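[1] For reference, the sequence and a predicted model appear below.
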Amino acid sequence: MNCQDAQALLRTLSCGEATPADRAALEAHAAGCPACRQRWQGEEAWLALVAQRRPAPVSDAALAQARQALHRALAAEPAPAARGGWRWPAFSAGAVSRQWAPRWSPAWAALLLIAGFGGGWWAHHAPSLTAGSPAAAAQVRVQTVEPASAPGQVRVVYDLVRQQQISGPATNPRLRHLLLLAASQPANAGMQLESIAALRPAASQNPVRRTLLAALTGDPNPGVRLEALNALRPLVTANAGVRAALAQVVLRDPNPGLRMQAVAALAQAPRADAGRWLRRLSVQSSDPYVRLNCVAAMQQLDLAPPAAAWGAFTAQPAPASGIQRQ
Amino acid sequence: MDSTSAQDTDAARLRADITALIRAAQAGDPAAFEALVCQFDRGVLQLARRLAATEQDAQEIYQETFLKAYRALHRFRFECAFSTWLYRIAANTNLDYLRRRAVRKELPASASGEDGAAPFPDPADRAPGANPEQLLLSGEIAARLEAALAGLNPRERLVFELKHYEGMKLKAIGDILATSEETAKNSLFRATRKLRAALADLHAAAPALAALRPEPGTMPEEV
């Protein structure tokens, strides 16, 4: 090797990509070349200097915070598969503004104007309500009261909430939409449970499944999460997303009963899939009882648990980060 | 089964799981996407924290990266590793952030994170047994290096971070930045030249710190 070759190797070294063979070649050359030896020492000194800056690893708390914020943001996003097609707007006000605000266009504005005038006309000319029609009392909620521009006049802004009822099979598209809406409103857990029960036969359909998965992984009420899990249970065999959500529950859900239910549901997956998930969870879960259940489920499926799972009963893995709920 | 073939089998299973999750997420399952996020997000957040001025900025970069990935997931065609595709999005999001920041001419990186943890550890944490003079010098060097890094242009900064602190190969950096290995190498050399010029006075002290040199970070497993 000559000094020119050594120079090329030193450039590789400063990129942090020198192999042991490169270093050995450099060493052999530098032993008889003081100039290259000095250059080499300079490169090593530079790498040592660069290595003085070493960022702290990401804490579980910071990661959990990022995941929670992302979870909320994703809930407001249209599903990728639904892009380009029609779907119900997202339910929360924030989500609606984020999702639709950038897409306003003159065409949309014109459409809304027509809809507004049409709605007004309909309000004045609609036939009176009869028994069995969507009907009932109206509630008025005053929002603001302020003086109008003309003296002696006042302006009142109010909401008119008209209660309506509708009944029929849960397959009715309008009822389906209302049930999906109700299943996603954590303010009323009883209503959520009823809605999920009504939606259960349609769990395999995409919008219903998405709502159930969101309830399973994100609802604050454990009863609602359990109801969603039970509704999704028949899909474990066919749907990889459901299996992934159940694994999330096993790792992250704060409720031990739900974690066990999720393990039991995963064990119902096709043997190869069940084995893959149970094998991983038997090592990764921070809950020894979950790990024990995973191992037991694997044994029932006649699958060998990983050796690491046995060791894991004595050594506690790092606590899983995730959604903080009760 | 020996340990190498067991590792190969585990890696193959992981690849199969990731592929299944990608396909489920592409079919519209948000839970599958979140499961994917959990596989890769620590590295994405780590990179953002190195480049961002505050913890809040890092969290925003993290979120923007994954929202972009979610929106573009239907275009992922398994032509490269998912991790490469995701890091490409992360790299572009970080570059956008650095460019916006350069335009705003804000202050250099802050000293502490929002969650109370310092983005860079106290030198005492990394080398038990090192003498106090070395530790003091090490802390000063880290601060000087941080300031010098803030003076690089966004692309040079990103290449330098990916190479020296993520431990990536130049080939992988080229893939992530949609450029050649040679171009990535040139960016690294330019960054190195600028940093060496800015830190010339520290060179004399550096050899004494060689003993404190930590192991470089590692890239998440390629899938």
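    Perfect, I can see it now.

[2] Can you name the residues of the stretch 201-326 of chain A that neighbour chain B?
    A:206, A:209-210, A:213-214, A:216-217, A:239-242, A:244-245, A:247-248, A:276, A:280 (CB under 8 Å from any CB of the partner chain). C-betas here are computed from N, CA, C, even on glycine.

[3] of those, buried ones?
    Among these, those classed as buried by 16 or more other CB atoms under 10 Å in any protein chain shown are A:209-210, A:213-214, A:216-217, A:239-242, A:244-245, A:247-248, A:276, A:280.

[4] ok, and the closest non-adjacent residue to B:Asp175?
    Excluding the flanking residues, the one nearest B:Asp175 by CB to CB, 6 or more residues apart in numbering or on different chains is B:Thr84, at 5.3 Å.

[5] hmm, I was thinking of B:Val159
    Nearest residue to B:Val159, sequence neighbours excluded (CB to CB, 6+ apart): B:Ser187, at 4.3 Å.

[6] isn't that neighbour right up against B:Glu156?
    Yes: here B:Ser187 reaches B:Glu156: they are 5.3 Å apart, a contact under CB atoms under 8 Å.

[7] neighbour-wise, which of the two wins?
    Shown here are B:Ser187 and B:Glu156; by other CB atoms under 10 Å in any protein chain shown, B:Ser187 has more neighbours (24 against 21).

[8] quick one on the thing from earlier: for the helix or strand encompassing the residue nearest to B:Val159, name the packing helices and strands.
    Assigned by DSSP states H and E, B:Ser187 falls within helix B:181-198. If you count contacts as 3 or more CB pairs under 8 Å, 6 or more residues apart in numbering or on different chains; DSSP states H and E, helix B:181-198 packs onto helix A:34-50, helix B:132-150, helix B:154-164, helix B:170-176.

[9] Report the contact partners of the residue of the stretch 151-300 of chain A found nearest chain B.
    Of the residues in the stretch 151-300 of chain A, the one nearest chain B is A:Gly241, at a distance of 2.9 Å by CB to the nearest CB. Applying CB atoms under 8 Å, 6 or more residues apart in numbering or on different chains, we find A:Gly241 in contact with A:209, A:213, B:21, B:24-25, B:27, B:29, B:31-32.

[10] still on that earlier bit, so what touches the helix holding B:Ser187?
    For helix B:181-198, contacts defined as CB under 8 Å, 6+ apart pick out A:11, A:14-15, A:46, A:50, B:144-145, B:147-149, B:151-152, B:155-157, B:159-160, B:163, B:170-171, B:173-174, B:177, B:203.

[11] Which among the residues you listed count as buried?
    With burial judged by 16+ other CB under 10 Å, the buried subset of those is A:14-15, A:46, A:50, B:144-145, B:148-149, B:152, B:155-157, B:159-160, B:163, B:170, B:173-174, B:177.

[12] Excluding chain neighbours, give the residue nearest to the one residue in chain B that gets nearest to chain A in space.
    Nearest residue of chain B to chain A: B:Asp29, at 2.9 Å (CB to the nearest CB). Closest residue in space to B:Asp29, ignoring its immediate chain neighbours: A:Gly241 at 2.9 Å, by CB to CB, 6+ apart.

[13] What helix or strand is the one you found located in?
    According to DSSP H and E, A:Gly241 maps onto helix A:240-252.

[14] State the next helix or strand along the chain beyond that helix.
    helix A:256-266.

[15] ok, and for that following helix, which residues are buried?
    Residues of helix A:256-266 classed as buried: A:258-259, A:261-263, A:265-266 (neighbour count, 16+ other CB under 10 Å).
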